[in-house]
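[1] build me a structure from this.
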Amino acid sequence: MERATGSNAPGSGAPVAGAGYRSGTFWRLYDGLAQAIDRRCGWHHLPTLLGLLVLIGVRNILRRQNLHDTYRLPAVPPPEPEPFEPDYAASRTVSGAYNDLDQPAMGMRNTRFGRNIPLDAVNVEPDHDLLDPSPRVVSRELLTRAPFQPAGTVNTLACTWLQFMIKDWFSHGTGDMSNPWTIELDPSDPWPEHPMRIPRTIPDPTRPAGSEGPPTFLNAETHWWDGSQIYGTQPEHQRLLRSGQDGKLVLGANGRAPIPDDPRINPTLVPGWWLGLSLMRTIFTLEHNAICDRLRSEYPAWPDEALFQRARLVNAALLAKIHTAEWTPAVISHRTTKVALRANWFGIAGERVRKAFGRLSDSEVISGIPGSKTNHYGVPYSLTEEFTSVYRMHPLIPDDYSFRSVTDNSAIRELGFDALTGPAAEQVQDELGLDDVIYSLGTAPPGLVTLHNYPRFLQDFVRPDGKRQDIAATDILRIRELGVPRYNEFRRLIHLKPAADFRSLTDNEEWARQLERVYRGDIERVDLMVGMYAETLPKGFAFSDTAFRIFVLMASRRINSDRFLTDDFNTEVYTPAGMRWLDDNSMVTVLLRHFPALAPAMRGTKNAFAPWRKSGAPAAA
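    I've put the predicted structure just below:
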């Protein structure tokens, strides 16, 4: 227990990014060759084995050079976790503290986002430059959806899942309207208020006034993959969610996760709440309770608290497994990435070997990251501003939804996205029923993450508080405001070649002309999000190769740094029953356990995020 008394500051000791990681002569030569091949050919154009070998070198370089600790900058006061309790050694805390027992504040709620770029490369632009070109002009001329461009390799559950994950991973807070960004508009712009006002991101209150260095911002959520979107990040909120019996969470009379009456914690009143997010919250509340039933049958003498904490561990790890081994290979469905991403969880030995024999080796390459040694790669763990920026993928969301019967695929109702947000999301589920809602999302495609495919509704979004917001313009402004460099400089900093001109950025001639007009011929001014949306996508990808580079680094880091997915991923902490649950379950089994009426549509489905067959259609060969 003495380990819990170390320094609370996540970045104490000013560690160097990737210190010592594969730094010998062999690896330096290997990584240099991999980078050269990647720049010349592109890893996604190579045969699978060679592509995997190149991606290993790419990730090595990113681990050494693209992890940077913002807690090296002054902080007053430093973050302070709650007092240590012995139970924290084998359970996740509400605040996210004590995941790392040597640095207990690491990754907890209200600690800083880190960086994937050197701190002196954070792009602090003067206000005039930061608003150039106008985020509203970028939104209207480059992002507006016309027409809907579907992503054919995945279903709409993929976009509901992503927002469900983001709800767990990061939030910059609700924004500050006391001194908003002011966007001057063209007189012909139909926006009802001229100028447009967008709230600023809340500055880091722990930074001393006048301190040097780039701006920093706090994450209102925990940085860990801990299921906080289900379990809450405040003790009083978690108490409301728990039934107090058998470790279970509360379910409403309608069989869904209930909505608290308290407006301070009512999720339907927070911008961003919609049917998909509500649906996923219910599914994994049901899954938590099913895990409790299994644990209680194995360990009948356990009290409510022990059952709750173990079920949370298992449920959170199952979320991480589904995202790593199912969601990500579905949205970047390239032959190489499907192998690489599943290997993050199972290793190259594969799922069957892991289930039959457990880990064959300490190596994450052979047996996967879960159960390997915790590794922060020389930098205290946090999510990063660059990670939040590449995850701005609103084009995945369709504007229009056709709800159909799981029984015979007959039409039930056509609704726009505006009818599925805020408190209305709960009414739609009451009226349609969860079986038909899930089936409808599972058989419909989301959008490609590309130019001219941003949801129209989100460009004129009415928040639950009645305020209107162009989310596309806000996305553009947020990335600039957080100091993430523009597209070309970002690519240089993650070891990719910048675009020489607009026609080398995209193979769409019309888009190239539009980009050149909006950015007045200056390729260096192209926004990161716009550049990523303009890229030609690798085969099977729903988003850009530039975004994928941050995935290569951060997807594994989120597992590598979490002791509950590394050192403490074992039967002693999770119990033998809990580990078997993780081995035996996937998103497919989760859905079929709680919604057996989906079985005909999901027959033959190996990945729940791939398109399902429609009721009455023949099963795929």
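
[2] ranges for the strands of the stretch 401-550 of the chain?
    With DSSP state E, counting those that start in this stretch as the criterion, the stretch 401-550 of the chain has strands at 411-416, 461-462, 468-469.

[3] now do the longest one, average pLDDT.
    Averaging pLDDT along strand 411-416 gives 96.

[4] now do the contacts for Asp87.
    By C-beta atoms under 8 Å, 6 or more residues apart in numbering, Asp87 lies in contact with Glu305, Gln309. (Glycine included, C-beta is placed from N, CA and C.)

[5] now render the strands of the stretch 401-550 of the chain as TSV, adding mean neighbour count and distance to Ile438.
    Below are the strands of the stretch 401-550 of the chain laid out as TSV (neighbours: other C-beta atoms under 10 Å; distance: least, C-beta to C-beta, whole Å):
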stretch	mean neighbour count	distance to Ile438
strand 411-416	14	13
strand 461-462	16	25
strand 468-469	16	29
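
[6] now those in TSV, with distance to His495?
    TSV is the format used below for the strands of the stretch 401-550 of the chain (distance: least, C-beta to C-beta, whole Å):
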stretch	distance to His495
strand 411-416	42
strand 461-462	36
strand 468-469	35
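
[7] phi, psi of the closest residue to Thr474 other than its chain neighbours?
    Leaving aside its chain neighbours, Thr474 sits nearest to Ile198 (5.5 Å; criterion: C-beta to C-beta, 6 or more residues apart in numbering). Recorded main-chain torsions at Ile198 are phi -120, psi 130, according to degrees, to the nearest 10.

[8] just give me the neighbour total for Ile198.
    By the criterion of other C-beta atoms under 10 Å, Ile198 has 22 neighbours.

[9] okay, and the beta partners of it?
    Here Ile198 sits in beta bridges with Trp181, going by DSSP bridges.

[10] pretty sure it is touching Gln469, no?
    Yes - at 7.4 Å, Ile198 and Gln469 qualify as touching, with contact defined as C-beta atoms under 8 Å.

[11] what ranges do the strands span in the stretch 151-300 of the chain?
    Assigned by DSSP E, counting those that start in this stretch, the stretch 151-300 of the chain shows strands spanning 176-183, 196-200, 218-219.

[12] output the lowest mean pLDDT helix or strand found in the protein.
    When the helices and strands of the chain are scored by mean pLDDT, DSSP states H and E, helix 351-357 comes last with a mean of 84.

[13] got the contact list for that one?
    Residues contacting helix 351-357 (C-beta under 8 Å, 6+ apart): Ala325, Arg342, Phe346, Gly347, Leu360, Ser367, Gly368, Asp583.

[14] take it, keep the C-alpha atoms, and write them as PDB.
    Coordinates of the C-alpha atoms in helix 351-357 are reproduced here as PDB (Å, rounded to 0.1, in the frame of the first residue of the first chain):
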ATOM      1  CA  GLU A 351      -8.200 -15.700 -30.200                       C
ATOM      2  CA  ARG A 352      -8.500 -19.500 -30.200                       C
ATOM      3  CA  VAL A 353      -5.000 -20.000 -28.700                       C
ATOM      4  CA  ARG A 354      -5.700 -17.300 -26.100                       C
ATOM      5  CA  LYS A 355      -9.000 -18.900 -25.000                       C
ATOM      6  CA  ALA A 356      -7.500 -22.400 -24.900                       C
ATOM      7  CA  PHE A 357      -4.100 -21.800 -23.300                       C
END
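
[15] so which bits of that helix are buried?
    By neighbour count on 16 or more other C-beta atoms under 10 Å, the buried set for helix 351-357 is Val353, Arg354.

[16] just stretch 260-269 next, same as before
    Within stretch 260-269, the residues that qualify as buried are Ile265, Pro267, Thr268, counting by 16+ other C-beta under 10 Å.

[17] out of those residues, which one sits closest to Arg145?
    Nearest to Arg145 among the buried residues of stretch 260-269, counting by C-beta to C-beta, is Thr268 at 25.4 Å.
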